[in-house]
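A.B. asks: When you get a sec, could you give me coordinates for this:
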Amino acid sequence: MKSCRDVHRLVSEGQDRQLSFAERLSVRVHLMLCTACRCFDRQMDFLRQAFRNFPGE
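C.D. replies: Predicted coordinates for the structure are as follows:
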């Protein structure tokens with residue numbers, strides 16, 4: 001199983017690129033077991049949505 005540090009890195013990278021099937025699977029398995037990483041994943045989703053909705057110039 002991936003460490004929390006690895007999962008945080010993959011969640012962050014997933015904002016910029018499509019993760020491979022193996023990466024997505026390992027993140028999902030970890031998120032099922034780790035409350036802290038689930039929270040981090042939700043926070044990243046919130047930030048992504050906030051930036052998308054931020055009015056541009």
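A.B. asks: Quick one: residues contacting residue 7.
C.D. replies: When contacts are counted by Cβ atoms under 8 Å, 6 or more residues apart in numbering, residue 7 touches 26-27, 30-31, 34, 37, 40. Bear in mind the C-beta positions are built from the backbone N, C-alpha and C, glycine included.
A.B. asks: Which members of those occur in helices, if any?
C.D. replies: 26-27, 30-31, 37, 40 (DSSP state H).
A.B. asks: hmm, back to that, which of the contacts of residue 7 count as buried?
C.D. replies: Neighbour counting over those (16 or more other Cβ atoms under 10 Å) leaves 26-27, 30-31, 34, 37, 40 as the buried ones.
A.B. asks: and those as JSON lines, adding distance to residue 14 and pLDDT?
C.D. replies: Below are the buried ones among the contacts of residue 7 laid out as JSON lines (distance: Cβ to Cβ, whole Å; pLDDT from 0 to 100):
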{"residue": "26", "distance to residue 14": "12", "pLDDT": "96"}
{"residue": "27", "distance to residue 14": "8", "pLDDT": "96"}
{"residue": "30", "distance to residue 14": "13", "pLDDT": "97"}
{"residue": "31", "distance to residue 14": "12", "pLDDT": "96"}
{"residue": "34", "distance to residue 14": "16", "pLDDT": "97"}
{"residue": "37", "distance to residue 14": "13", "pLDDT": "96"}
{"residue": "40", "distance to residue 14": "12", "pLDDT": "96"}
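A.B. asks: Any regions of the chain where pLDDT drops low?
C.D. replies: Scanning the chain with the threshold set as pLDDT under 70 gives 57.
A.B. asks: redo that, cut-off 90
C.D. replies: Residues of the chain that meet the criterion pLDDT under 90 lie in 1-2, 15, 51-57.
A.B. asks: Okay, strands next: where are they in this structure?
C.D. replies: With DSSP state E, there are no strands along the chain.
A.B. asks: hey, where'd the helices end up in it?
C.D. replies: Assigned by DSSP H, the helices in the chain fall at 4-13, 21-33, 35-53.
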